[in-house]
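# sequence and predicted model, in that order:
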Amino acid sequence: MSADGADRTPFGTPPGGTPATLFTLVADGVVARVTDLGATLVALETPDRTGRSGGIVLGLEDAAGYASREPGANPFLGATVGRVANRTAGAAFELDGVRYELDANEPPNHLHGGRVGSFEREPWDVVEASGDRLVLRLTSPDGTGGYPGRVTVTAEYAVAPGELAITYRATTDRPTPVNMTQHAYLNLAGEAGSAVLDHELTVAADRWTPVAADLIPTGATPDVAGTPFDLRTGRRLGDVVADLADDPAGGMDHNLWLEGTAGDVREVAVLRDPVSGRWLRLDSDQPCLQVYTGNRLGRTVGRGGVTFPRHGAVCLEPQHAPDSLHRPGWPSIVLRPGEEYLHRLRCRLGAG
């Protein structure tokens, strides 16, 4: 324990990188572990209905695992994703009459900031650290990953009784797109390698975003009524996955348009596990939520040598809609000098 009350431990050194540190934040039964490599949420621990504490976020052993580019080694586990989360068609966009080429890391499209300079694999600076709060900062130079502008980003993690809050902020010296998210893989039953098909998910969303075979939105935003994406009264995830067996995503990997006013922090989703009794209520100020049912898991080896199975977790990713840069009628993700990007989310945790 350091003089400022922060619990710091070495977290290894990625090949060719700088040593990483793991910070442990604690508040009345809630334990969050965050590394300064990628401002990554490595672990989140909370009691089940019997009072027994356990991890509910899939994670890796050390920094080398999080820095790996081997296929399937780290599918953005607990990542702070940026500059632009989700998919951008054709790995290019036009802004103020200038065309910018991005990394086609999911050919022919761009995903989660690309391979070079993406937020989740960069070392972040520590701004503040204490026993229950951590603030990290990253400066992304002009041209990083093909994006214009020098962007300064902060990520704040704070725990309180029954709660983990995350706040992202960003500023820029040139117009540039920013659309960040937290990419935690949630399994409320624990990290031992079970599937989440019996979890129940409720999402306060009245529209969804159809996608083509490459998972790029078609541009339509139909009502969820009568579709597998109507989660307003709660559905078992296994039933949702079964309904989407023939979908190009192989399950759910779709954007939902949230009810309520974007910019206001409001409850947007509830996840429950009938076995452990744990529940997670997600609050967000973003317009959309990407729900991903771990369709591509199956080869990632996590802590303790556990291979996470297909559908071994669900990701609830607050953000703007995918491919917003090509949809002028959708809310803009362009950040301009003098503006501040603000993204607030809160996970309220309990069991019963």
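That came through fine.
# now do the buried residues in stretch 100-120.
Neighbour-count burial for stretch 100-120 flags 100, 102-106, 109-114, 117-120 (criterion: 16 or more other Cβ atoms under 10 Å). From N, CA and C alone the C-beta is placed, and that goes for glycine too.
# whoops, I mixed them up, stretch 281-298
Buried-residue list, stretch 281-298, by 16+ other Cβ under 10 Å: 281-297.
# next one: stretch 215-228
For stretch 215-228, by 16+ other Cβ under 10 Å, it's 215-217, 221, 224, 228.
# pull the contacting residues for F308.
58, 185, 193, 294, 297-298, 300-302 (Cβ atoms under 8 Å, 6 or more residues apart in numbering).
# and with 6 Å instead?
58, 297, 300, 302 (Cβ atoms under 6 Å, 6 or more residues apart in numbering).
# before we move on, what about L111?
Shown in contact with L111 (Cβ under 6 Å, 6+ apart): 87, 105.
# cutoff 10 Å now
L111 makes contact with 76, 81, 84-88, 91, 102-105, 118, 215, 322, according to Cβ atoms under 10 Å, 6 or more residues apart in numbering.
# which of the residues you listed fall in strands?
Of these, the ones assigned to strands by DSSP state E are 81, 87-88.
# mind putting these into JSON lines with distance to E156, neighbour count and pLDDT?
JSON lines is the format used below for those (distance: Cβ to Cβ, whole Å; neighbours: other Cβ atoms under 10 Å; pLDDT from 0 to 100):
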{"residue": "V81", "distance to E156": "16", "neighbour count": "24", "pLDDT": "98"}
{"residue": "R87", "distance to E156": "27", "neighbour count": "21", "pLDDT": "98"}
{"residue": "T88", "distance to E156": "26", "neighbour count": "26", "pLDDT": "98"}
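# by contact count, what packs against the helix or strand where T152 lies?
Assigned by DSSP states H and E, T152 falls within strand 151-160. Using 3 or more Cβ pairs under 10 Å, 6 or more residues apart in numbering; DSSP states H and E as the contact test, the elements touching strand 151-160 are strand 21-27, strand 30-35, strand 40-47, strand 79-81, strand 125-129, strand 133-140, strand 163-172, strand 341-351.
# surely V135 is in contact with I166?
No - V135 is beyond contact range of I166, at 11.0 Å (criterion: Cβ atoms under 10 Å).
# the two: which has the busier surroundings?
Higher neighbour count among V135 and I166: I166, with 24 against 19, using other Cβ atoms under 10 Å.
# partner residues bridging the residue nearest to that one when sequence neighbours are not counted?
Distances taken as Cβ to Cβ, 6 or more residues apart in numbering put L345 closest to I166, at 5.2 Å, once the chain neighbours are dropped. Beta-bridge pairing for L345 (DSSP bridges): I166, S284.
# ok, L345 - contacts?
Contacts of L345 by Cβ under 10 Å, 6+ apart are 164-168, 181-182, 265, 268, 282-286, 316-319.
# 8 Å instead, please
Taking Cβ under 8 Å, 6+ apart, we find L345 in contact with 165-167, 182, 282-286, 318.
# from D4, how far out is it?
25 Å (Cβ to Cβ, to the nearest Å).
# what do you get for G298?
Distance from G298 to D4, by Cβ to Cβ: 41 Å.
# before we move on, what about G55?
Counting by Cβ to Cβ - G55 and D4 are separated by 26 Å.
# which among the contacts of L111 gets closest to W208?
Of all the contacts of L111, W208 sits closest to P322, with 11.9 Å by Cβ to Cβ.
# wait, that closest one touches T209, no?
Yes - counting by Cβ atoms under 8 Å, P322 touches T209, with 7.1 Å between them.
# so Y292 sits against Q319, correct?
No - applying Cβ under 8 Å as the test, Y292 and Q319 come out as separate, 11.6 Å apart.
# follow-up on the earlier one: hmm, who's touching the strand holding T152?
Taking Cβ under 8 Å, 6+ apart as the rule, strand 151-160 contacts 25-28, 30-32, 34, 39, 41, 80, 82-83, 119, 124, 127, 132-140, 164-172, 176, 178, 180, 335.
# can you say which of the residues you listed are buried?
The neighbour-count criterion (16+ other Cβ under 10 Å) marks 25, 27, 30-32, 34, 39, 41, 80, 82-83, 119, 124, 132-138, 140, 164-172, 176, 178, 180, 335 among the contacts of strand 151-160 as buried.
# which residue is the nearest non-sequential neighbour of C347?
Per Cβ to Cβ, 6+ apart, closest to C347 is L164, 4.6 Å.
# T88 now?
H110 (4.2 Å).
# parallel or antiparallel, which strands does the helix or strand encompassing that neighbour pair with?
When secondary structure is defined by DSSP H and E, H110 falls within strand 110-111. With DSSP bridges as the test, strand 110-111 is paired with strand 87-88 (antiparallel).
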